[in-house]
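>>> requesting a structural model of the entry that follows:
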Amino acid sequence: MNILVTGGAGFIGSHLVRTLQAAGEQVTVLDNFSTGLLANLPAATKVIEMDVNSPELATVFDAGHFDAVVHLAGQTTVHISMENPSLDGEENVIGSIHVLEQARRHGVQRVIFASTAASYGDVAEDRLPIVESEPLAPMSFYGLSKVTVEHYLHLYQQAFGLGYVVLRFANVYGERQGDGGEGGVISIFAKRLAEGKGLTTYGDGQQTRDFIYAGDVAAGIHAALTTEHVNHTYNLSTQSETSLNELVEILGKVAGRTICPTYQAARPGDIYKSLLANGRARRSLGWEPRVGLQEGLRRTYEYFCHQQAHAE
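Residues are numbered from 1 along each chain as shown. Coordinates of the predicted model:
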């Protein structure tokens, strides 16, 4: 399969590209390198430096003859979306429309879209874990931008026959993650521990997340590229709830340290509890998460320790 991965030099993209290449797929990465890094990718990867909002995007599709597009490019941080909604809209909504338009004009068979748990908003505890049919009520402009693109995908399919799969990620973490993004708390914590620094938690530490390892997300995306169950939405999650205080405790075990974080006020737009059901993805994609939290945290922490050792 000939696949274009937008935002492929970013954190999740770097895991996906390795998964696709290992499976023998033909991969082209398109990235503007605003947050992605060329060093994140294997040396032989075909890379095009371009923003999805560039007028030259059509030339990439003209030459590429892609069977599928995995659309990962975009602004991924909640607090930035709250501070600058217009930037979020330009990158996430308008940029996505440009990708969809080129995909339908050039006969792409399927678009895989990276959506988010933030689409659901702050769901009542008695409705956890959240299933895909839960009404969407985003609390941030980031979540709203993702929901908007989901609606565009549905209408593009109805109007033009463009196949799609929406994947709502839980909080993704792993090697090569930057300090931003939804799962960024783990990368921030792991990096600070590798540097011998303390940790700060926003809120009371009882807020929970469903943390999923990036390699498992990459496997889910690959499954979405080949499934017969298209034009649907799937959660990619562990269906396991972890509080930030529990996260700090597990990181302490991984790092061999006792950690006493400081606490600051919660940030606007942050969800208090998040837990996604993954039964639909298990049934229809033949997928399941395989990397447990402690093992994933060990890999992530060791990555940042390695980075810190090279920086010294």
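>>> how about the strands in the stretch 151-300 of the chain?
Per DSSP state E, counting those that start in this stretch, the stretch 151-300 of the chain carries strands over the ranges 163-169, 171-173, 200-202, 208-209, 211-213, 232-236, 242-243, 262-264.
>>> partner strands of the last one, with direction?
If you go by DSSP bridges, strand 262-264 pairs up with strand 200-202 (parallel).
>>> could I get the average pLDDT for the strand it pairs with?
Strand 200-202 shows a mean pLDDT of 89.
>>> tally of neighbours for the residue lying closest to Asp210 once chain neighbours are set aside?
Nearest non-adjacent residue to Asp210, counting by Cβ to Cβ, 6 or more residues apart in numbering: Ala170, 3.8 Å away. Glycine gets a C-beta too; all of them are placed from N, C-alpha and C. For Ala170, the neighbour count with other Cβ atoms under 10 Å is 28.
>>> if we can go back for a sec, pipe the strands of the stretch 151-300 of the chain into CSV and attach distance to Gly292 per row.
CSV is the format used below for the strands of the stretch 151-300 of the chain (distance: least, Cβ to Cβ, whole Å):
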stretch, distance to Gly292
strand 163-169, 18
strand 171-173, 12
strand 200-202, 22
strand 208-209, 15
strand 211-213, 8
strand 232-236, 16
strand 242-243, 11
strand 262-264, 27
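>>> before we move on, the earlier item: hmm, the residue nearest to Asp210 is touching Arg209, no?
Yes - between Ala170 and Arg209 there is a contact at 7.2 Å, judged by Cβ atoms under 8 Å.
>>> what sits in contact with each of the two?
Ser274 (Cβ atoms under 8 Å, 6 or more residues apart in numbering).
>>> can you pull the contacts of Phe189?
Contact analysis of Phe189 by Cβ under 8 Å, 6+ apart lists 199, 247-248, 251.
>>> now for those residues: which two are most distant?
Leu199 and Leu247 (9.7 Å; Cβ to Cβ).
>>> out of the two, which sits in the busier spot?
The residue with more neighbours, out of Leu199 and Leu247, is Leu247; 23 against 19, by other Cβ under 10 Å.
>>> pull the number of nearby residues for the closest residue to Ile271 other than its chain neighbours.
Spatial nearest neighbour of Ile271, chain neighbours left out: Asp122 (4.8 Å); criterion: Cβ to Cβ, 6+ apart. By other Cβ under 10 Å, 15 other residues sit near Asp122.
>>> I'd assumed Tyr272 was in contact with Asp122.
Yes - between Asp122 and Tyr272 there is a contact at 5.8 Å, judged by Cβ under 8 Å.
>>> count the residues that sit near the closest residue to Thr233 other than its chain neighbours.
Computed as Cβ to Cβ, 6+ apart, the closest residue to Thr233 that is not its neighbour in sequence is Val166, at 4.1 Å. By other Cβ under 10 Å, 23 other residues sit near Val166.
>>> residues in contact with Val166?
Neighbour list for Val166: 113, 115, 150, 153, 232-234 [criterion: Cβ under 8 Å, 6+ apart].
>>> for Ile112, see how far away Thr238 is.
Distance from Thr238 to Ile112, counting by Cβ to Cβ, to the nearest Å: 20 Å.
>>> if you could redo that for Ala43, that was the one I meant.
From Ala43 to Ile112 the distance is 25 Å (Cβ to Cβ).
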